[in-house]
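Visitor: Okay, sequence plus prediction incoming.
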Amino acid sequence: MLGIAASLAVVGSAHAQGHVFFNTYGITTDARINYGPGIAGHAAGSPVDNTFTAGLWYFLGTTTLAASTSAQDMTLSGFVNTGVTSLVNSAVPGYINGPVVNITDYVSGPITFVITAYNGTGVSSLTTTAQGHGAAFTVPSIPTGQSGASEFGATAQAFSVLPVPEPSIFALSGLGAAALMLIRRKK
């Protein structure tokens, strides 16, 4: 029995994984999630409330990705969703005070993160009225094995969530474009 436990411990330590604390509150930069322009009932630049959920994505190595410039810009090509989400802090709006996230395929070296935020039931869902993602930020390394989790430090940045247009806006736009095509075709 003791031999089995020892061999499992060796196997567990052979498969390194990184740990990071999914937290933007109290770090050295202002990495707050804010409302963008056009969200009814909220001033642009004010912090989002705890109706928003934040998610953490990663890329092993160094890469770049600008913050979203529209609510439809949620493409995170090459990034892996950690599957970990956290509600925005209710005591300190706009900030995340989430759990420790395990990056199971991390061994060593730089790692790039992106934080997403949305309200509703999920990114691009019919119940989501605002969403966005921050710019990618790279940390040189994160702890592995039995070491404690590290924080993002000065690398995470503030970003804004933007309004998601109603599906009817897309439908009307499509109908308008089709009508213009028919008019042009008749001439």
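Guide: Received, thanks. Numbering: from 1, shown residues only.
Visitor: and P99, how far is that from Y25?
Guide: Distance of P99 to Y25, computed by Cβ to Cβ, to the nearest Å: 13 Å. The C-beta positions use only the backbone N, C-alpha and C, and glycine is treated the same way.
Visitor: What of T121?
Guide: In terms of Cβ to Cβ, T121 sits 25 Å off from Y25.
Visitor: So for these two, which residue has more residues nearby?
Guide: Y25 (16 against 10; other Cβ atoms under 10 Å).
Visitor: Three-state assignment for the more buried one, please.
Guide: On the three-state scheme (DSSP: H, G, I helix; E, B strand; the rest coil), Y25 is labelled coil.
Visitor: thought it was touching G98?
Guide: No: using Cβ atoms under 8 Å, Y25 is not in contact with G98; the gap is 9.6 Å.
Visitor: Low-confidence stretches in this structure?
Guide: 1-16, 124-125, 166-182, 184-187 (pLDDT under 70).
Visitor: What segments of it are strands?
Guide: Along the chain, counting by DSSP state E, strands occupy 18-23, 33-35, 52-60, 80-87, 97-103, 111-119, 130-133, 137-139, 159-163.
Visitor: And those: which comes nearest H42?
Guide: Of all these, strand 33-35 sits nearest to H42, with 4.1 Å by Cβ to Cβ.
Visitor: Quick check: buried residues in that closest one?
Guide: 33-35 (16 or more other Cβ atoms under 10 Å).
Visitor: so, if you compare the residues you listed, which one comes nearest to V88?
Guide: I33 (6.4 Å).
Visitor: List the beta-bridge partners for that closest one.
Guide: Note on I33: beta-bridge partners F159, judged by DSSP bridges.
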